[in-house]
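sequence and computational prediction follow.
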Amino acid sequence: MKFATKAIHAGIEPDPTTGAIMTPIFQTSTYVQAAPAHHKGYEYSRTHNPTRTVLQDNLAALENGKHGLCFSTGMGAIDAIAKLLNPGDEVVATDDLYGGTFRIFTKIFSKYGIKFHFVSMADVASVEQYVNKNTKMIWVETPTNPMLNIIDIKVMAELAKKYKALLVVDNTFASPYLQTPLALGADIVTHSLTKYISGHSDVVMGAIICNDDSLLERLLFIQNSCGATPGPMDCFLVLRGIKTLHLRMQRHCENGKIIAEFLRSHPKVDKVYWPGFTDHPNHDIAKAQMCGFGGMMSFKIKGNKMEDALMFLSRLKLFSLAESLGGVESLVGHPATMTHASIPKEQREKVGVSDSLLRLSVGVEDVEDLVEDLKNALN
Ligand code: P1T
């Protein structure tokens, strides 16, 4: 089955009791058992819920994976993956990643004796310097949030295998429509479903997809023990969003290209970070491992002054100033004070997240209106 067919059909059957074509919202906490331990596969909704099962199977199919697991937030999924680690273990993570991921690693898991190295993943030799016998995970976000760097998943997978570490890829920015990391050798894919996958800014949720049965068992144990599981209504909303993921992503990519090119040609814009430009430092990797460049981009206004960035933000009418991304409506963010505020200034500036950096999540509106909005605000 190809992507669009899977988005609409994978894991989804008409309800056997009524024929309802849409997956029912099983709004129930528990399930009646005929006798102790004689049940229909469902005992308690923290552990399993039929609406969640359908979503998990659908997500696994979209990522060309075997197993899907859903969590109440993207951070809940990241938390569960990090709980696979033990004191003394080390993780090599990209130095440009979502501020919340940096925060949970440095403020929560480092307290439990896990060591994190944040490194540029532009070339494998510099990553390998930080890998040793204690390294249990290589953590990749690609495209990175917010600098839109691209990391070579195949190369990182080979490195992880060489050291018997797990390769985790946060695939939130690309979505499975643009990139399927398991096929490139990743062991675990994680998503903030809040973003492109649900696509309508009405739900917060996360997911993990993997192939290995024993990894699934360990993750299921963590999921059930720690309990960051989503409710059935939210699972329904994500399933509903997924049915148009391919259509939305096509438009995000088309609009993204036009906006990136518009910004780059504007005399008041200094630098635009978007992997679709042929002179983006990782363009060739993006072309090889993605089937489109997406609608996320960051840029700086000439002069690199925070006041100019803030004035620009105040003049936008269609782009809303908000955290998050990947919804149908266009958003603009100021990473230094919003999504990446938890990263110390010196550290974030090293990777380019200056006080003047702005991030766009280009939506699926008419692109002429979006260009007009940006033009007015810049002028
Ligand atoms: O917000 P939540 O669903 O918990 O997902 C966390 C998360 C994980 N991974 C990446 C790459 C992310 O971008 C996020 C959340 N990011 C934002 C809220 C943002 O505006 O960047």
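That came in fine, so what should we check first? Just so it is clear, the model here is predicted, and its values are computed rather than measured. Residues are numbered from 1 along each chain as shown.

in the stretch 51-200 of the chain, which residue sits closest to the ligand?
G74 (2.2 Å; Cβ to the nearest ligand atom). For the C-beta atoms, the positions are set from N, CA and C on the backbone; glycine is no exception.

count the neighbours of that residue for me.
G74 has 23 neighbouring residues, counting by other Cβ atoms under 10 Å.

mind checking how far it is from T172?
Applying Cβ to Cβ, to the nearest Å, the value for G74 to T172 is 7 Å.

what touches both of these two?
190-192, 195 (Cβ atoms under 8 Å, 6 or more residues apart in numbering).

could I get those residues as JSON lines with pLDDT?
Converted to JSON lines, these look like this (pLDDT from 0 to 100):
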{"residue": "T190", "pLDDT": "99"}
{"residue": "H191", "pLDDT": "98"}
{"residue": "S192", "pLDDT": "98"}
{"residue": "K195", "pLDDT": "98"}
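
of the residues you listed, list those near the ligand.
S192 (Cβ under 6 Å from any ligand atom).

farthest pair in the shared contacts of G74 and T172?
T190 and K195 (11.8 Å; Cβ to Cβ).

so which residues of this protein form helices?
3-9, 50-62, 74-82, 99-103, 124-128, 153-162, 175-178, 213-226, 232-242, 245-265, 283-289, 306-315, 345-350, 367-378 (DSSP state H).

and the longest one, which residues are buried?
Right, helix 245-265. Across helix 245-265, burial judged by 16 or more other Cβ atoms under 10 Å covers 245-246, 248-249, 251-253, 255-257, 259-260, 262-263.

what packs against it?
helix 3-9, helix 175-178, strand 269-273, strand 296-301, helix 367-378 (3 or more Cβ pairs under 8 Å, 6 or more residues apart in numbering; DSSP states H and E).

mind checking the ones you listed for the one nearest to the ligand?
The nearest among those, by Cβ to the nearest ligand atom, is strand 296-301 at 9.2 Å.

quick one: residues contacting F118.
Listed by Cβ under 8 Å, 6+ apart, the contact set of F118 reads 93-95, 97, 102, 347.

one more time with 6 Å
When contacts are counted by Cβ atoms under 6 Å, 6 or more residues apart in numbering, F118 is found next to 93, 95.

got the residues of the stretch 251-379 of the chain near the ligand?
So far as Cβ under 6 Å from any ligand atom goes, the stretch 251-379 of the chain lies against the ligand at 323-325, 333, 339.

let's go with 8 Å and repeat that
323-325, 333, 335, 338-339, 359, 361 (Cβ under 8 Å from any ligand atom).

tell me how far R218 lies from the ligand.
21 Å (Cβ to the nearest ligand atom, to the nearest Å).

OK, contacts around that residue?
For R218, the contact set (Cβ under 6 Å, 6+ apart) is empty.

again, 8 Å this time
Neighbours of R218 in contact, by Cβ under 8 Å, 6+ apart: L84.

distance of it from L84?
Distance from R218 to L84, by Cβ to Cβ: 6 Å.

then H266?
H266 is 46 Å from L84, by Cβ to Cβ.

for stretch 89-99, how far is the first residue from the last?
Start and end residues of stretch 89-99 are separated by 22 Å (Cα to Cα, to the nearest Å).

quick check: mean pLDDT of that stretch?
Confidence over stretch 89-99 (mean pLDDT, whole number) is 97.

I figured D170 hits Y98, correct?
Yes: counting by Cβ atoms under 8 Å, Y98 is a contact partner of D170 at 7.3 Å.

report the buried residues of stretch 118-127.
Result for stretch 118-127 [16+ other Cβ under 10 Å]: buried residues 118-119, 121-122, 127.

any idea how this structure splits into domains?
Using automatic domain parsing, the domain parsing of the chain gives 3-242, 245-378.

list the contacts of stretch 81-93.
If you take Cβ under 8 Å, 6+ apart as the criterion, stretch 81-93 is touched by 101, 104-105, 108-109, 112-119, 127, 130-132, 134-140, 166, 168, 188, 190, 208, 215, 218-219, 222, 226.

same thing but 6 Å
109, 112-118, 130-131, 134-139, 168, 222.

just the terminal-to-terminal distance for that stretch.
For stretch 81-93, the end-to-end distance is 13 Å (Cα to Cα).

taking the buried residues of stretch 118-127, tell me the two that lie furthest apart.
F118 and A122 (13.4 Å).

V168 is in contact with I138, correct?
No: look at I138 against V168 with Cβ atoms under 6 Å: they stay out of range, at 7.1 Å.

which neighbours do these two share?
With Cβ under 6 Å, 6+ apart as the test, I138 and V168 reach no residue in common.
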